[in-house]
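# Just to be clear, the model below is a prediction. Sequence and coordinates:
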Amino acid sequence: MGEHRTSEPVNGFVGVDQGVANLAVTSDGAVLPGPALSGPIHGNGHVRTLRERRHRQRRRLQAKGTPAARRVLRRLSGREHRMMTDLNHQISKYVVREAERTGQGIALEELQGIRGRVRAHRLQRRTLHNWAFAQQIAFTRYKAERAGVAFMLVDPAYTSQACPDCGYVARANRPARGRFVCTGCGLAGHADHIAARNIAARGVTGWAAVNQPHATGLPSARRDRESKPPASAGGS
């Protein structure tokens, strides 16, 4: 197999915000899972309802503690794992396909700190901590590489509190969990979509920093290292 060539993201980046209420929201406005995906699961509400029902089943079986109950627990765990894996495959496939179609790259948040950034109600925390953020990132990276789509991981700090229009950052910009209203310029929208827009912008910045010379005309750090002559054995 030959090496896959990465295309230049001529139309910028599509940012993907991972969360609890919505498993993935893109900067282009897609909420996933949703009608864009195939299969029987077409909405985040259905996913949350299913996971809550299975959680209650596990609680009852764990309380019994019998060998038969433990066997059922193993089957339930396998079903949930397969459902999560299938959803992550579908989400990553959709994102890569859309990026390829629109000539964009893909930007996701760096995994480190992502769970601490996402605010969740008490009843949502187990979903947050059980959801395979890392798996979704790995699937998206792999599919992007195969399709020749640029892929970037970006700093997750303040993506849900920063205004993508004026750049103002404040906790007050989040008056409610799913709501964003910039106290600087007044931009309002769904918090996950705003975060995805910030992630997309950081993807553009990160790609430029890694792959292009500095705007001043000075060579990049990598090019600078490669252009230096080897040090002579005898010194100056």
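Cool, got the structure. As the structure is a prediction and not an experimental result, all values here were calculated from the model. Residues are numbered from 1 along each chain as shown.
# Please enumerate the helices of this structure.
Applying DSSP state H to the chain gives helices spanning 44-64, 67-102, 114-117, 125-130, 133-147, 191-211, 221-227.
# Which of those helices has the lowest mean pLDDT?
Comparing mean pLDDT across the helices of the chain, the weakest is helix 221-227, with a mean of 39.
# so what's V95 up against?
Residues in contact with V95 (CB atoms under 8 Å, 6 or more residues apart in numbering) are V14, V16, A24, T26, L32, I106, T140. Where C-beta positions appear, they are placed from N, C-alpha and C, glycine not excepted.
# Distance to D86 and neighbour count for the residues you listed - can I get that in JSON lines?
JSON lines is the format used below for the contacts of V95 (distance: CB to CB, whole Å; neighbours: other CB atoms under 10 Å):
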{"residue": "V14", "distance to D86": "22", "neighbour count": "25"}
{"residue": "V16", "distance to D86": "18", "neighbour count": "29"}
{"residue": "A24", "distance to D86": "14", "neighbour count": "26"}
{"residue": "T26", "distance to D86": "19", "neighbour count": "25"}
{"residue": "L32", "distance to D86": "13", "neighbour count": "23"}
{"residue": "I106", "distance to D86": "20", "neighbour count": "29"}
{"residue": "T140", "distance to D86": "15", "neighbour count": "25"}
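# and the two most separated of the residues you listed?
Spanning the widest gap among these are L32 and I106, at 13.3 Å by CB to CB.
# how many neighbours does N173 have?
22 (other CB atoms under 10 Å).
# my guess is it meets G186, correct?
No: using CB atoms under 8 Å, N173 makes no contact with G186, being 10.6 Å away.
# Let me know the distance separating G178 from S160.
To S160, G178 is 10 Å away according to CB to CB, to the nearest Å.
# do G15 as well
For G15, the distance to S160 equals 12 Å [CB to CB].
# between these two, what contacts are shared?
Residues within reach of G15 and of S160 at once, by CB under 8 Å, 6+ apart, are A195, N198.
# ok, these two, which is more surrounded?
G15 (31 against 23).
# can I assume the more buried one is in contact with A201?
Yes: with contact defined as CB under 8 Å, G15 counts as touching A201 (7.4 Å).
# Give me the common contacts of the two.
By CB under 8 Å, 6+ apart, no residue touches both G15 and A201.
# list the contacts for the residue lying closest to R179 once chain neighbours are set aside?
Leaving out its chain neighbours, the residue that sits closest to R179 by CB to CB, 6 or more residues apart in numbering is A191, at 5.9 Å. By CB under 8 Å, 6+ apart, the residues touching A191 are S160, R174, R177, G178, R179, F180.
# Relative to T159, how far out is A191?
In terms of CB to CB, A191 sits 10 Å off from T159.
# Same question for D17.
In terms of CB to CB, D17 sits 7 Å off from T159.
# and these two? which has more neighbours close in?
Taking neighbours as other CB under 10 Å, D17 and T159 compare with D17 leading, 29 against 25.
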